[in-house]
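Enquirer: Give me coordinates for this.
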Amino acid sequence: MWDTVIELLGIFEDDVRVPCRAGGLVHQMETFSYVFILKMMLKLLRMTNDLFLLLQKKDQNVVQAMSLVMGVRTRLINWSNDGWEPLLEDVKAFCTKNDIPIPNMDDMFSKWGK
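Expert: I've put the predicted structure just below:
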């Protein structure tokens, strides 16, 4: 799907009406930080999907909803404590596959605007 999105934005970039916007989107999408946030949001949405689906039903079961809330809470705590390395490896693999530069995590970074 990634290749299709990039190809589609490339077509929009060739369109004389919106070349800067499409080119800017491609540039932003091909950054490590964008991929990291995208993968993190995807993982988060997968964790909470069952709870959201249950809460959208008209005949809400409060006991089941509370059970799902506790389950999501536990998964989020576990992810916060132990889940960053697998996420980072997944992002690095995706970036390598799609020729997106990976920053050196040992480099010093300054705050924005300084």
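Enquirer: Pop the domain breakdown of the chain in here.
Expert: 1-30, 32-99 (automatic domain parsing).
Enquirer: Just give me the lowest mean pLDDT stretch among these.
Expert: With a mean of 60, domain 1-30 has the lowest mean pLDDT of these.
Enquirer: just to revisit the earlier point, out of the domains of the chain, nearest to D106?
Expert: domain 32-99 (13.3 Å; CB to CB). (Each C-beta comes from the backbone N, C-alpha and C, glycine too.)
Enquirer: Quickly note the distance from P103 to R73.
Expert: 32 Å (CB to CB, to the nearest Å).
Enquirer: okay, the domains of the chain in JSON lines with distance to D107 and mean neighbour count next?
Expert: Shown next, in JSON lines, are the domains of the chain (distance: least, CB to CB, whole Å; neighbours: other CB atoms under 10 Å):
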{"stretch": "domain 1-30", "distance to D107": "20", "mean neighbour count": "12"}
{"stretch": "domain 32-99", "distance to D107": "12", "mean neighbour count": "13"}
